[in-house]
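Asks: how does the following fold in three dimensions:
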Amino acid sequence: MDGRADSTSRLWQCEGLLLGTLLLGVTESQTQRQPQWKVGDTWTFHQTGGLPPAESDWSRKVVEALPGEQFKVVTETNADLTFDDQGNSIDKRGPDFTWRRFDLPLEVGKRWKHDRKIAGATWNGTEQSEWEVKAAEKLTVPAGTFDCVRVEGNANRGWSTTGFSQGQAKAQTQTTYWYCPAIKWAAKWRITDQAYVGAPLITTGSELTSFVAAP
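Replies: Here you go, the predicted structure:
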């Protein structure tokens, strides 16, 4: 009697361990955690669309690890950018002007909002954006096939102009990206932008053509 009970107990423990492992695997597969960028990581994209339609290539390469878990990144034109440890580019004017397209970990169903300042030489305003992780998907781009999550965001901007020509204006941008942990960033982007109310909608798309991981 005690032997049968002991065997049954061990069986339950094994089943519980197996179930826990399966659930952990499902949870991890649906959660895209913080990337571990390294000096040398390089992403190259091919972009299409625009008005008039055009094609071009662009890239980002990590060249230096900075204090505060930030990274110095250079573009295809050797321009310097700074990124945080989640893959967001940081505005040189500070965090108040920096967007937050990535908010890891990315779990299906997660939502977040972010407000930031926007400004130019003769205008200033604010941008309010809302983001949601819509689904876990397998994505194929020229660089390969990856397990990703699809994130959609909508940003609304409003600003006032100063100086000789004063007034107010609004604009919006819709962004969809596919974040893939295997390449530590997004492998595909689709952005539709309206420069001001009444302006035409302009859509551009970018797909990863190459990812070179640091040795």
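Asks: specify the local secondary structure of the residue most central in space within the chain.
Replies: The centre of the chain sits closest to Phe102, judged by Cα atoms, centre = their mean, with a distance of 4.3 Å. Classification of Phe102 by DSSP: H, G, I helix; E, B strand; the rest coil places it in coil.
Asks: in contact with it, which residues are there?
Replies: Gln86, Gly87, Asn88, Tyr179 (Cβ atoms under 8 Å, 6 or more residues apart in numbering). All C-beta spots, glycine's among them, are computed from the backbone N, C-alpha and C.
Asks: how many residues are close by the third one?
Replies: Neighbourhood size, Asn88 [other Cβ atoms under 10 Å]: 17.
Asks: circling back: so which of the contacts of Phe102 wins on neighbours?
Replies: The contacts of Phe102, ranked by neighbours (other Cβ under 10 Å): first place Tyr179, 24 neighbours.
Asks: now the helix or strand where it lies: mean pLDDT?
Replies: Using DSSP states H and E, Tyr179 falls within strand 167-180. Taken as a whole, strand 167-180 has an average pLDDT of 92.
Asks: after it, next one along is what?
Replies: Past strand 167-180, further along toward the C-terminus, the next helix or strand under DSSP H and E is strand 185-194.
Asks: what helices or strands is that next one leaning on?
Replies: Of the remaining helices and strands, those touching strand 185-194 by 3 or more Cβ pairs under 8 Å, 6 or more residues apart in numbering; DSSP states H and E are strand 123-141, strand 144-161, strand 167-180, strand 202-212.
Asks: quick one on the thing from earlier: now the two most distant members of the contacts of Phe102.
Replies: Within those, Asn88 and Tyr179 form the most distant pair, 11.9 Å apart (Cβ to Cβ).
Asks: and Cys180, how far from His114?
Replies: Going from Cys180 to His114 by Cβ to Cβ, to the nearest Å gives 22 Å.
Asks: more crowded one of those two?
Replies: Neighbour comparison, Cys180 and His114: the larger count goes to Cys180, with 26 against 17 (by other Cβ under 10 Å).
Asks: how about that one, what does it touch?
Replies: Cys180 makes contacts with Gln32, Leu139, Phe146, Asp147, Cys148, Ala186, Ala187, as judged by Cβ under 8 Å, 6+ apart.
Asks: same thing with Thr203?
Replies: The neighbours of Thr203, taking Cβ under 8 Å, 6+ apart as the test, are Gly49, Arg190, Ile191, Thr192, Asp193.
Asks: give me that answer again for 6 Å
Replies: By Cβ atoms under 6 Å, 6 or more residues apart in numbering, the contact set of Thr203 is Gly49, Thr192.
Asks: repeat that for Trp37.
Replies: The contact partners of Trp37, by Cβ under 6 Å, 6+ apart, come to Val62, Phe71.
Asks: ok so, going back, which of the residues in the strand holding Tyr179 are buried?
Replies: Neighbour counts over strand 167-180 (16 or more other Cβ atoms under 10 Å) mark Ala171, Gln172, Thr173, Thr175, Thr176, Tyr177, Trp178, Tyr179, Cys180 as buried.
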